[in-house]
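A.B. asks: heads up, no residue letters with this:
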């Protein structure tokens, strides 16, 4: 702490005292630094002189030492001591340590130890150096260097520094008095202005002309007053921007999970207080992944932005629409008393989402599957309500997509059961419990077997053989479906190789699920599978795709199908007539075969509408120059009628049921067409 007498002094006094102390400290530091630098320089000169002397002496005494010319060595020693005042003595010894020449040092006195310095008792540095030639020591010499010149240089330097310091102190005192008066006056103005600014007078200004630091400080005070209000406004704006980023999705600017949680908490509290119905809906976009795969993520992002805009314009301001991530959105709907009012809102949302999207020069289509739950009927917390809506959304997808489904407690239990069943299906692949059965396809007119369709079965260890309709719906929207499809393709190709080894060459078709067809790397996988089974001719391998699966992404599906056709495989459009396809879209698909859906074939003998559809499909296939095959042929009457209609290819229980692969060769060898088919052919 400063003493009291100094604290009570004026600022002018303290400034002058501080400046004087600083001046003295600066002069002292400068003197010390100068002394240190010059002293180091003098010592450096001394080291350089010693090194130079060593080199000269080594070159001078090396030859005489080698020749044992002691007289010459004595002359060298005497001349060096006489000519160089700084060298006080020189002693030369041979390789055995015997003195053979010396000057300036008593013969009987022992030599001092090498070293010493200006702090030594004799004020000399004693240097000892060996003389070597060709790795052989010829001898050594030692000499003394006087440090008297160092002492003289230091004395001269100290005298000059004292004079310079005295002049500096005197000059500093002459400057400090007027400087102190000038500084304290301007500081007084700054102090008064600062007090007024601190009191909130932002219109206060300081007028200190000049370009010195105090004038610039006055300008900073003025600028602070000018910009204070603007700074406060910018801080508020930045705070709002940060709050927006923390609570909104960066892509769509919709509320994110954080803000959604706040909105749901407020909505639940209000619904509980007012007794209103609150709807929590979760939307998952149908067909969004193919858009990303076909056009890239940039186009996908633009589609998500457009979806967000449509949802905002469709809902009321009191409702909340938030993005969970990916292609999932959550709606918080309030203000209605009846579920039917909310359902009308969801219908408008579905209609809005199903309209075409034109972004970045591309026109794409998608739809939405919505799951919804209602509070307080579903009396749960916010997280559970969203989970229940997600479960309902899953059922909406299973029911055909582009629709909404309302959650109920029974459905919740069913969802848990479905999840358990789904996990069991996934485990079945690892346990090698799946089998392929094969249903023959025949040419009714030619009376021959033309191929077989591979149909998956589950050999359950407890339930026995399980039909695909019981387990495939559990995984149709799961990535596992593509893994299972890869197993089917690999197994079917391996079976074709086995049949060929037995002398049976038969075409095989497999069902290709939508998720596998929509995978960008499917053509690459198929090429690898065919390469792993080189004995199978690709033309004998056929992929059956559902009409609805192909139409989910016509452009992408068509491109991937064409890549597969380039490998040599064929494509069939399965269940034709059930997908409500546009003929313009249908014509863009590289299809070789149309399969008439069994629901039309089965009832065509009794239902004129189904018969008309079958006739129409056969005519359409002929117009498109495609082959047509009927599935679901259960009786010989169906087969005969199909022949009359011009459809020669068929499969169904009336021909043969699906059978294990080991049973097919014997069935093919034994099969003969029904005589009624031959009669129908002749007609």
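C.D. replies: Noted; the coordinates are in hand. Predicted, not measured: the structure shown is a model, and the values here were computed from it. Numbering: from 1, shown residues only.
A.B. asks: looking at this structure, which helix or strand is least sure?
C.D. replies: None of the helices or strands of the chain scores lower by mean pLDDT, DSSP states H and E than helix 4-7, at a mean of 59.
A.B. asks: on contacts alone, who are the packing partners of the helix or strand just after that helix?
C.D. replies: With elements assigned by DSSP states H and E, the helix or strand that comes after helix 4-7 is helix 11-67. Secondary structure elements in contact with helix 11-67, counted by 3 or more CB pairs under 8 Å, 6 or more residues apart in numbering; DSSP states H and E, are helix 70-83, strand 87-94, strand 124-133, strand 136-146, helix 148-198. Bear in mind the C-beta positions are built from the backbone N, C-alpha and C, glycine included.
A.B. asks: angle of helix 11-67 against helix 70-83?
C.D. replies: Counting by axes from the mean of the first three to the mean of the last three CA atoms, to 10 degrees, helix 11-67 lies at 160 degrees to helix 70-83.
A.B. asks: How far away from the center of its chain is helix 11-67?
C.D. replies: 61 Å (CA atoms, centre = their mean, to the nearest Å).
A.B. asks: Tell me which of the helices and strands packed on helix 11-67 sits most buried.
C.D. replies: strand 87-94 (a mean of 21; mean count of other CB atoms under 10 Å).
A.B. asks: Distance from the chain centre to that one, please.
C.D. replies: From the chain centre to the centre of strand 87-94 is a distance of 79 Å (CA atoms, centre = their mean).
A.B. asks: what are the ranges of the helices in the stretch 201-350 of the chain?
C.D. replies: All helices of the stretch 201-350 of the chain, identified by DSSP state H, counting those that start in this stretch, fall at 213-247, 257-274, 288-295, 297-314, 339-354.
A.B. asks: and among the ones you listed, the most buried is which?
C.D. replies: helix 288-295 (a mean of 21).
A.B. asks: Just list the residues touching residue 328, thanks.
C.D. replies: Residue 328 makes contacts with 282, 283, 284, 285, as judged by CB atoms under 8 Å, 6 or more residues apart in numbering.
A.B. asks: So what sits opposite it in the bridge?
C.D. replies: residue 284, residue 325 (DSSP bridges).
A.B. asks: what is the mean pLDDT for the one helix or strand residue 500 maps to?
C.D. replies: Using DSSP H and E, residue 500 falls within helix 480-501. For helix 480-501, the mean per-residue pLDDT is 95.
A.B. asks: what's the answer for stretch 45-64, then?
C.D. replies: Rounded mean pLDDT across stretch 45-64 is 85.
A.B. asks: now the nearest residue to residue 568 once chain neighbours are set aside: how far from residue 565?
C.D. replies: Sequence neighbours aside, residue 538 is the residue nearest to residue 568 in space, at 3.0 Å (criterion: CB to CB, 6 or more residues apart in numbering). Counting by CB to CB, to the nearest Å, the gap from residue 538 to residue 565 is 9 Å.
A.B. asks: give me the low-pLDDT residue ranges for the stretch 551-683 of the chain?
C.D. replies: 551-553, 577-586, 683 (pLDDT under 70).
A.B. asks: Tell me where it has helices.
C.D. replies: Remark: helices assigned in the stretch 551-683 of the chain by DSSP H, counting those that start in this stretch are 554-566, 583-587, 598-602, 608-623, 636-645, 664-670, 675-682.
A.B. asks: quick one, what contacts residue 649?
C.D. replies: By CB under 8 Å, 6+ apart, residue 649 lies in contact with 441, 442, 443, 444, 450, 627, 628, 629, 630.
A.B. asks: thinking again about what came up before, check the helices of the stretch 551-683 of the chain for me and report the most buried one.
C.D. replies: Ranked by mean neighbour count under mean count of other CB under 10 Å, these are led by helix 598-602, which reaches a mean of 20.
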